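Novice: below: sequence and its predicted model.
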There are 2 protein chains.
Amino acid sequence: METTHIEHIGIAVRNLQKSIDFYEDVLGLKCYNIEEVADQKVRTAFFMAGQTKIELLESTSGDGPVAKFLEKRGEGVHHIAFAVKGVEESLAHARSKGVQTIDQQPRRGAEGLDIAFLHPKSTFGVLTELCEDKNR
Amino acid sequence: METTHIEHIGIAVRNLQKSIDFYEDVLGLKCYNIEEVADQKVRTAFFMAGQTKIELLESTSGDGPVAKFLEKRGEGVHHIAFAVKGVEESLAHARSKGVQTIDQQPRRGAEGLDIAFLHPKSTFGVLTELCEDKNR
């Protein structure tokens, strides 16, 4: 697997606007996009920090994955997304190494990326996303 | 505050070597340094992923901050470190915005960086580090 950089860090928050204010007013980052991802039941806000995005995740439903995360662990880092060359091959490589994966094949995520998740049981506690922007 | 990029992501792990194996064999990153930070009671392993480091943290003591984190939350992301221009001014700016800080002034961290932590109560659940490499 060839990992080029950290594409984004997903952070679960209870209140999107209050969290946006922190990243803008305290850290000096600029929110450049707010997007709802219906199938994940989240509203997301994006910031660039160098080559890595911060993706704030607010649940739009009481039974979505981010709602469950917040209930269990509270606010905090939800996942790390690594940009890889060849997401299908990278997912197959991970599985060949015995890593449990959430996705059996890549699917379309926010911002048009092809994405696949590895299970935190196999990744030492960090929900790990592999992603590739095929439009680049 | 001017945040230039994400300097590193700190990840609490129970077994440094097993975790290193995952980041090397599965994600294809290369561990370039293992360093003990005595005052934090951790052994750390570093990888570069683009301009951001992954810093794995294994506790060297049952009563250190990472040991406590593992006991409370289990393995996972421990903190995010943002590279800023002027860590003293950035810390003062955060305090002026009402952010609770762990450090009253910057101190020396791993790899010779000047660092200061903001309290996760004020940062929406993410233990947030500000850091600056004054040797650059």
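Specialist: Yep, that arrived. Numbering: from 1, shown residues only, chains lettered A, B, ... in the order given.
Novice: now stretch A:118-136: buried residues?
Specialist: Across stretch A:118-136, burial judged by 16 or more other C-beta atoms under 10 Å in any protein chain shown covers A:118, A:120, A:122-132. The C-beta positions use only the backbone N, C-alpha and C, and glycine is treated the same way.
Novice: of the residues you listed, closest to chain B?
Specialist: Distance to chain B across these (C-beta to the nearest C-beta) is lowest for residue A:125, with 2.8 Å.
Novice: what sits against the closest one?
Specialist: B:11, B:12, B:13, B:74, B:75, B:76 (C-beta atoms under 8 Å, 6 or more residues apart in numbering or on different chains).
Novice: which one is it nearest to, not counting chain neighbours?
Specialist: Closest residue in space to residue A:125, ignoring its immediate chain neighbours: residue B:75 at 2.8 Å, by C-beta to C-beta, 6 or more residues apart in numbering or on different chains.
Novice: for residue A:77, same thing?
Specialist: Residue A:77 sits nearest to residue B:77 (C-beta to C-beta, 6+ apart), 3.8 Å away.
Novice: how about the secondary structure of that neighbour?
Specialist: strand (DSSP: H, G, I helix; E, B strand; the rest coil).
Novice: quick one: residue A:72 is in a strand?
Specialist: No - applying three-state DSSP, one finds residue A:72 to be helix, outside a strand.
Novice: ok, it to residue A:120 distance?
Specialist: Taking C-beta to C-beta, to the nearest Å as the measure, residue A:72 falls 12 Å from residue A:120.
Novice: so what's the gap between stretch A:61-69 and the chain middle?
Specialist: On the basis of C-alpha atoms, centre = their mean, to the nearest Å, stretch A:61-69 sits 15 Å off its chain's mean C-alpha point.
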